[in-house]
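[1] Prediction below, plus the sequence it came from.
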Amino acid sequence: MISKIVHLLLILVCFLLQGTLVRQIAIGSVCPNLILILCISIGLMRGRKSGLWTGFLSGILIDMFYGSVFGFYALVYMYIGFLSGYAHRICYDDDLKVPVMLAGCADLLYNFGVYFLQFLLRGRLGLSTYFVRIILPELFYTVFLTAVVYRIFYYINYHFMAPTRQARDSVWVIK
Amino acid sequence: MKKWFHFRINIKSRHLLAIMTLFCIACIIGTFATGIGPAPLREAAGLIVVPFQNSIRTISDYFQGARQNMRSKEDLISENEDLKMQVENLTGEINILIQDQEELDRLQELYDLDQEYADYPKIAARIISKDPGNWYDTFMINKGSRDGIRVDNNVIAGKGLVGIVTEVGSTWSTVRSIIDDSSSVSAMTVSTDDNFVVQGDLELIDEGKLRFVELYDEENKVTTGEQVVTSNISEKYVEGLFIGYVSEVEQDTNNLTKTGTIVTPVDFRHLKDVFVITRNKQDSFSSSGEGEEQE
């Protein structure tokens, strides 16, 4: 129960920070994606189902206040959380390299998702411009921020939330 | 009770994903079909989120203020002198403007024009948070339906048009700015009254420019530096709000219409306070038709 409340609070705090504080540290009007980092961190540390719920709830929050199509961001973030949940079974979560690489892949996935589903369908063809102007800077900035905040999420997960990792979950354990 | 709990634990994550995907797709289709999201849910979430956003905004303002307080005395003195010069210049300009105003009043009486864009009722609002992603340009302000804001209200900053209200809660509302990629505004030139469409374009956002399309200008009268305002035939934007200056004009390949770019005077990146015009374009139709203000 406590871990659920902490989970919800974490989502809420990340959403609030993303709209305000993270916007303040934007470089060249491109800001990192804290919500995405939360999704992949939870997915990596707590598995597919938790990642899915994190992505869905934070996506719904974005949809409610900023989205033009209700449900779109929920869908995208939900899949990101779910897919990063696969890493929960394969990798250990105490190494910083895993979340950093995950964040890079997930951010690429997210931005291409937004581009193909919302921009290409409206006939905006300048993918190269968008790639250099938005996707790459956001990717690097997000990866950098992951290296900073992952430790915080890791600490919160192991000190305030109930443990989820079980030996039988790992694919490396001979059953 | 125990059985229900047991069932919930055992649902496979793959099935959960399928269920939630269907739910999201249903939501998306629902939005496209009806054009509106779930308002009560949004209102409830706003109740939780907005106070926090307000307080974060206040705290960051406080720190910004503290940083500004540390500016050196010399800066302030030189700035003061500059400002005094400016006041003198402006006083001169105001005198001329007052004369113009009197003349305008006189002429308006003659022409029986009762509407003017300075007369629109306005509310000041503060931006409390911005779009979390980098693709779109929407932001939230700290005034809502309780202050008289409604959907489709126009938003301006000191120098020109900023955007339009897309969603309203009781104490907050969401504004889509005109540089947003999905925004388009019906506009016209001041001198020739040619109508065309101004669109936001993400590829031009760095230069602070907007794209305009479908300008029909056979005699090549529209040139660089032409002033652009919202058009009289626009459905959602009230007439005569300043958008910007034309910076480039290009002939389309069809040889009939022109496209180009517009420079906006509003600094969207450092926008902090805005004004919301609380009268919609639709009101002016209904009020002139019925002879009374619709609330």
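    Noted; the coordinates are in hand.

[2] Ramachandran angles for residue A:102?
    phi -60, psi -40 (degrees, to the nearest 10).

[3] Contact partners for it?
    Contacts of residue A:102 were listed using Cβ atoms under 8 Å, 6 or more residues apart in numbering or on different chains, and they are A:40, A:43-44, A:84, A:87. (Each C-beta comes from the backbone N, C-alpha and C, glycine too.)

[4] Which residue is the nearest non-sequential neighbour of it?
    residue A:40 (4.6 Å; Cβ to Cβ, 6 or more residues apart in numbering or on different chains).

[5] Give me the mean pLDDT for the helix or strand containing the one you found.
    Residue A:40 belongs to helix A:34-46 when assigned by DSSP states H and E. On average, the pLDDT along helix A:34-46 is 92.

[6] list the helices and strands that helix packs on?
    Under the contact criterion of 3 or more Cβ pairs under 8 Å, 6 or more residues apart in numbering or on different chains; DSSP states H and E, helix A:34-46 touches helix A:2-19, helix A:48-65, helix A:72-90, helix A:97-114, helix A:136-160.

[7] Quick one: work out the angle between that helix and helix A:97-114.
    130 degrees (axes from the mean of the first three to the mean of the last three Cα atoms, to 10 degrees).

[8] ok so, going back, ok, so of the contacts of residue A:102, who is nearest chain B?
    residue A:43 (10.8 Å; Cβ to the nearest Cβ).

[9] residues touching the closest residue to that closest one other than its chain neighbours, list them.
    Leaving aside its sequence neighbours, residue A:43 sits nearest to residue A:51 (Cβ to Cβ, 6+ apart; 2.8 Å). Residue A:51 is in contact with A:39-40, A:42-44, A:80-85, A:88, counting by Cβ under 8 Å, 6+ apart.

[10] Of these, which is the most crowded?
    residue A:39 (37 neighbours; other Cβ atoms under 10 Å in any protein chain shown).

[11] list the contacts for that residue?
    Contacts of residue A:39 (Cβ under 8 Å, 6+ apart): A:51, A:54-55, A:58, A:77, A:80-81, A:84, A:106.

[12] measure residue B:99 to chain A for me?
    Note on residue B:99: its distance to chain A, by Cβ to the nearest Cβ, to the nearest Å, is 42 Å.

[13] Ramachandran coordinates for that residue?
    In terms of degrees, to the nearest 10, the main-chain angles of residue B:99 are phi -60, psi -40.

[14] Count the residues that sit near it.
    Around residue B:99 there are 10 residues (other Cβ under 10 Å).

[15] give the contact list for it.
    With Cβ under 8 Å, 6+ apart, residue B:99 has no contacts at all.

[16] what would the contacts of residue A:51 look like in a markdown table with distance to residue A:22?
    As requested, the contacts of residue A:51 are exported to a markdown table (distance: Cβ to Cβ, whole Å):
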| residue | distance to residue A:22 |
| --- | --- |
| A:39 | 15 |
| A:40 | 16 |
| A:42 | 18 |
| A:43 | 20 |
| A:44 | 21 |
| A:80 | 17 |
| A:81 | 19 |
| A:82 | 24 |
| A:83 | 23 |
| A:84 | 20 |
| A:85 | 24 |
| A:88 | 26 |
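
[17] near chain A, which residues of the stretch 151-295 of chain B show up?
    B:166-167, B:174, B:181-182, B:202-203, B:205-206, B:269 (Cβ under 8 Å from any Cβ of the partner chain).

[18] what do you get if the cut-off is 6 Å, keeping everything else the same?
    Residues of the stretch 151-295 of chain B that fall close to chain A, judged by Cβ under 6 Å from any Cβ of the partner chain: B:203, B:269.

[19] Smallest gap between the stretch 151-295 of chain B and chain A, at which residue?
    residue B:203 (4.9 Å).

[20] Verify the stated contact: that residue with residue A:128.
    No: look at residue B:203 against residue A:128 with Cβ atoms under 6 Å: they stay out of range, at 10.1 Å.

[21] what's the neighbour count on residue B:23?
    15.

[22] How about residue B:265?
    Count around residue B:265 with other Cβ under 10 Å applied: 14.

[23] got a list of what it touches?
    B:159-160 (Cβ atoms under 6 Å, 6 or more residues apart in numbering or on different chains).

[24] which two in the contacts of residue A:51 are spaced the farthest apart?
    A:80 and A:88 (13.7 Å; Cβ to Cβ).

[25] what about the closest residue to residue A:62 other than its chain neighbours, neighbour count?
    Closest residue to residue A:62 apart from its sequence neighbours, by Cβ to Cβ, 6+ apart: residue A:73 at 4.4 Å. When neighbours are counted by other Cβ under 10 Å, residue A:73 registers 27.

[26] show me the contacts for residue A:73.
    Contacts of residue A:73 (Cβ under 6 Å, 6+ apart): A:59, A:62-63, A:67.

[27] Can you give the distance of the lowest-mean-pLDDT helix or strand in chain A from its chain's centre?
    Ranked by mean pLDDT, DSSP states H and E, the weakest helix or strand in chain A is helix A:21-24, scoring a mean of 83. In terms of Cα atoms, centre = their mean, to the nearest Å, the centre of helix A:21-24 is found 17 Å from the chain centre.

[28] what do you get for stretch A:68-81?
    Per Cα atoms, centre = their mean, the centroid offset for stretch A:68-81 relative to its chain is 11 Å.

[29] what's the answer for stretch B:13-24, then?
    Distance, centroid of stretch B:13-24 to centroid of chain: 37 Å (Cα atoms, centre = their mean).

[30] Identify the residues contacting that stretch?
    A:48-49, A:52, A:56, A:71, A:74-75, A:78, A:82.

[31] So what are the sheet partners of the helix or strand hosting residue B:140 and their directions?
    Assessed by DSSP H and E, residue B:140 sits inside strand B:138-141. Here strand B:138-141 has these sheet partners by DSSP bridges: strand B:122-130 (antiparallel), strand B:173-177 (antiparallel).

[32] what's the next secondary structure element after the shortest one?
    The C-terminal neighbour of strand B:173-177 among helices and strands, as given by DSSP H and E, is strand B:184-189.

[33] what does that next one rub up against?
    For strand B:184-189, contacts defined as Cβ under 6 Å, 6+ apart pick out B:178, B:195, B:197-199, B:222, B:226, B:228, B:230-231, B:234, B:237, B:243.
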